[in-house]
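>>> Sequence and predicted structure below; questions after.
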Amino acid sequence: MRGSRVGGVVAVVVLFATACGGDSKDADGAASGSSAAATRPGGGGASGFPVKVTDCAGAETTFTEAPRKVVTSNASSLEMLFWLGAGDRVIGTGFPPGKGTMPAQFSVPAGKVRVLGDMVIPKEQLLGSGADLYIDTFADMGGMGAMGAGPSPKEFAAAGIKHIYLKSTACASKRPGPQQDLAAVEADIRELGAVTGTSAKAEELVAGMEQTLGTVRTALAGVPQDRRPTYFFFDFDAGTKQPIAVCGKQVANAVITQAGARNVFADCTGDFKPVSWEDVVAKNPDWIQLGVRNKGGAEDNAKAFDEAERFLRTFDATKGLNAVRDGKFVRIGSESTTIAGVRNADTVRRIASTIHPGLVQPAPAAG
């Protein structure tokens, strides 16, 4: 059995992999948590500036021009900047993307970005990076010891670095309920677009996401909520001794919900939580996603999926589950499910076409 990786430094890896949960809109469309988008004081000029954004507590940061040197806390905001066409401004990152995890068109330039920290960027490295903007995917991690003790607002200001957050992930603790749609992820894309002067591209990306999501919503409109299958995201790489559940405030919960399924751990507190196999057995999900992390190639990924499935089929606690007995496994990796980004919408369609094959068609093959 694979060892558990919960606790200490390893908890940060799990936190990164699950992207920290986040803000969204409630079912009635009202924004929850912190403000969902950037605003332009006074209506803005032709360039779209000034741009004002807020953090999870509502504190404001104003940009009078687009940043020129950006540092990202991890691959989530890094990938968003490449989608927006602002990837050439990134001078450093923490939690660098693993081999094969970035979209193919961005893999080479993203691989050239300077790594300031294999995990959380050390404070001295960040303050001395020469950046004028730091985009933070995480909430305050000071409780994790020296590794999580980031610069103070005064230290950021002294270094000339503006500090903003991806609110879909960093503000999870501020939202009152589960994240059930991708509104907060879309708001982050729009906000980064406004800050970097790429709003037109941001709107194009969001429109593409909404088109994909709309196709799925229309196809599933006739399926009542209580008839939608139950679903467990199995984070195989987090270890098998004690499973890690994605909870209602995690981006994955929105992906699962939009795909026409019911996350069996949607009601757990926070964005992710260690649970027991007895808890999983009690939920007895209809479908299980084999949430392995990208290994860098199709063959290695297939082996990892096989290994995760083999564990569930042979482990005494899980081999009798409905999903395992019926072979209802979803082979979609972790990154595009749990990390906020443009690809979340495509993952919604991929999951939906697997669990609702008669209603949702797979996306057309590229090329």
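Ah, there it is.
>>> Following element in sequence after the top helix by length along the chain, please.
Counting by DSSP state H, the longest helix found in the chain is helix 199-219. Once helix 199-219 ends, the next helix or strand along the chain (criterion: DSSP states H and E) is strand 230-234.
>>> Mind giving me the packing neighbours of the longest helix of the chain?
helix 183-196, helix 251-258, helix 344-355 (3 or more Cβ pairs under 8 Å, 6 or more residues apart in numbering; DSSP states H and E). Where you see a C-beta, it was placed from the backbone N, CA and C, and this is true even at glycine.
>>> now these in CSV, with mean neighbour count and distance to Ile121?
Shown next, in CSV, are the helices and strands packed on helix 199-219 (neighbours: other Cβ atoms under 10 Å; distance: least, Cβ to Cβ, whole Å):
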stretch, mean neighbour count, distance to Ile121
helix 183-196, 26, 19
helix 251-258, 28, 22
helix 344-355, 22, 25
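>>> need the contact list for Ser76.
19, 137, 166, 169, 339-341 (Cβ atoms under 8 Å, 6 or more residues apart in numbering).
>>> Show me how far the helix or strand it falls within is from its chain's centre.
Element membership for Ser76 (DSSP H and E) is helix 75-83. Taking Cα atoms, centre = their mean, to the nearest Å, one finds helix 75-83 lying 11 Å from the centre of the chain it belongs to.
>>> Tell me what angle the helix or strand just after that helix forms with helix 75-83.
Beyond helix 75-83 on the C-terminal side, the first helix or strand identified by DSSP H and E is strand 90-94. Per axes from the mean of the first three to the mean of the last three Cα atoms, to 10 degrees, the angle that strand 90-94 makes with helix 75-83 is 160 degrees.
>>> Could you check the angle the helix or strand following strand 90-94 makes with helix 75-83?
Heading C-terminal from strand 90-94, the first helix or strand you meet, by DSSP H and E, is helix 104-111. If you take the same axes, to 10 degrees, helix 104-111 sits at 110 degrees to helix 75-83.
>>> model confidence over helix 104-111, on average?
Across helix 104-111, pLDDT averages out at 94.
>>> do the same with stretch 194-207
If you average the pLDDT values across stretch 194-207, you get 98.
>>> can you check stretch 232-245 too?
Stretch 232-245 shows a mean pLDDT of 95.
>>> That one spans what distance, first to last residue?
With Cα to Cα, to the nearest Å as the measure, stretch 232-245 spans 8 Å from end to end.
>>> swap in stretch 69-84?
Stretch 69-84 has its terminal residues 15 Å apart, counting by Cα to Cα.
>>> end-to-end on stretch 260-277?
End-to-end distance (Cα to Cα), stretch 260-277: 24 Å.
>>> What is the distance between it and the centre of its chain?
The answer for stretch 260-277 is 15 Å, by Cα atoms, centre = their mean.
>>> Show me what counts as buried in it.
Buried residues in stretch 260-277, defined by neighbour count with 16 or more other Cβ atoms under 10 Å: 260-266, 268, 270-275.
>>> go on, stretch 110-118?
110, 113, 116-117.
>>> Can you name the residues bridging to Val71?
Taking DSSP bridges as the rule, Val71 bridges to Gly92, Tyr134.
>>> Keep only those of the buried residues of stretch 110-118 that are in helices.
Short answer: those in helices (DSSP H) are Ala110.
>>> which among the buried residues of stretch 110-118 gets closest to Phe234?
Ala110 (27.5 Å; Cβ to Cβ).
>>> Need the nearest residue in space to the closest one, chain neighbours excluded.
Once flanking residues are discounted, Ala110 sits nearest to Met102: 4.7 Å by Cβ to Cβ, 6 or more residues apart in numbering.
>>> contacting residues for the one you found?
75, 79, 82, 110-111.
>>> ditto for Lys303
By Cβ under 8 Å, 6+ apart, the neighbours of Lys303 are Lys295.
>>> pLDDT on the helix or strand hosting it, on average?
For Lys303, the element it lies in under DSSP H and E is helix 298-314. Averaging pLDDT along helix 298-314 yields 97.
>>> For the stretch 1-150 of the chain, which segments count as strands?
51-54, 60-63, 70-72, 90-94, 115-117, 133-136 (DSSP state E, counting those that start in this stretch).
>>> ok, now how distant is Gly150 from Arg89?
21 Å (Cβ to Cβ, to the nearest Å).
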